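Peer 1: only geometry, no sequence info:
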């Protein structure tokens, strides 16, 4: 016999949200129920994703549906943030990810944000690389202190702003010489606070500079937030492409699906100042194209090795602010492709 939506709803009335002393159906926490054969997907709305009840209700929903409808059912529970919450004004969240550090992920994040802002969009950037925050340096706001306002008895962070981009980073709250020896749960909690206890206001794009790899923050991002897509950053080496492949495949898993927008290849080639017509592919060629074909996505752009990229980033003025730079033009084209793909999703 086919499973019906009413059977699922009836079963979920047994799941109690003890904080509010009622079941999740009566509390209108069920956003969506989809059923395909024995596969049941339930989307549940919470006021805040760091609520300890999220995990309790998640497990209770799975157990209740299996107990009621049989162990053969496959239950997928997706907790989401209340759409009227702090991210309600953010239209598109774009994650910038890599498989390893040192490939220029933060450089791509910063310049993508600025390229989008230069086109007249309202843009924010969140530095989620809590163990190695570099966005404050790149935006020239190192040492800045976001203001905190109390609203309805709760503290709310107000992002800093520079170059038309709203900025938040864990780097604002630790000393530069301080080493963050945090377990995964602490880093994850800090990430959730930056996401949900901040006043991002109305944004067309929120660019998230993710930590490298496939850890707790990546899982939280995929499971708890409505991400429009992910941009992969790699370098031409096969080993870098292999690492970013693992990060990409994490988001291709059934329960962690985030659309892959495309690949940005950083440090793609070198052009000598005295030989502008020559390109030297120091780290090889072809790995990014092979990976793009494998994942059925596009290479969004290739960025050259250019000392001005480092110089401008270290000076707190990313190269996309320099209008006559060929790298700026490349970032502008990457931003256009990102927009086009996101709009088509």
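Peer 2: Perfect, thanks for sending it. Everything numeric here is computed off the predicted structure, so don't read it as measured data. Numbers count the residues shown, from 1 in each chain.
Peer 1: residue closest to the middle of the chain?
Peer 2: Nearest to the centroid of the C-alpha atoms of the chain, with distances taken as C-alpha atoms, centre = their mean, sits residue 95, at 3.0 Å.
Peer 1: break the protein into its domains for me.
Peer 2: Following automatic domain parsing, the chain resolves into domains at 5-81, 90-344.
Peer 1: most packed of those domains?
Peer 2: domain 90-344 (a mean of 18; mean count of other C-beta atoms under 10 Å). Every residue, glycine included, has its C-beta placed from N, CA and C.
Peer 1: I'd like the mean pLDDT over the host helix or strand of residue 40, please.
Peer 2: Using DSSP states H and E, the element containing residue 40 is strand 39-46. Regarding strand 39-46, the rounded mean pLDDT is 89.
Peer 1: partner strands of that strand, with direction?
Peer 2: strand 30-36 (antiparallel), strand 74-81 (parallel) (DSSP bridges).
Peer 1: for the longest one, what is the distance to the chain centroid?
Peer 2: Okay, so that is strand 74-81. Relative to the centre of its chain, strand 74-81 is centred 18 Å away, using C-alpha atoms, centre = their mean, to the nearest Å.
Peer 1: neighbouring contacts of the next helix or strand after that strand?
Peer 2: Next along the chain after strand 74-81, taking DSSP H and E as the criterion, comes strand 90-97. Strand 90-97 is contacted by residues 87, 105, 108-109, 112, 124, 200, 202-210, 212, 218, 221, 225-233, 244, 247-248, 258, 261, 338, 342 when judged by C-beta atoms under 8 Å, 6 or more residues apart in numbering.
Peer 1: that older thread, using CSV, please lay out the strands paired with strand 39-46 together with mean pLDDT.
Peer 2: Converted to CSV, those look like this (pLDDT from 0 to 100):
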stretch, mean pLDDT
strand 30-36, 89
strand 74-81, 86
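Peer 1: tell me which of those strands lies nearest to residue 4.
Peer 2: strand 30-36 (7.6 Å; C-beta to C-beta).
Peer 1: neighbouring contacts of the closest one?
Peer 2: So strand 30-36 is contacted by 2-5, 8-9, 12, 24, 40-45, 80 (C-beta under 8 Å, 6+ apart).
Peer 1: I figured residue 199 hits residue 157, correct?
Peer 2: Yes: judged on C-beta atoms under 8 Å, residue 199 makes contact with residue 157 at a distance of 7.0 Å.
Peer 1: just to revisit the earlier point, which stretch among the strands paired with strand 39-46 comes nearest residue 49?
Peer 2: Minimum separation from residue 49 across the strands paired with strand 39-46 (C-beta to C-beta) falls at strand 74-81, 5.5 Å.
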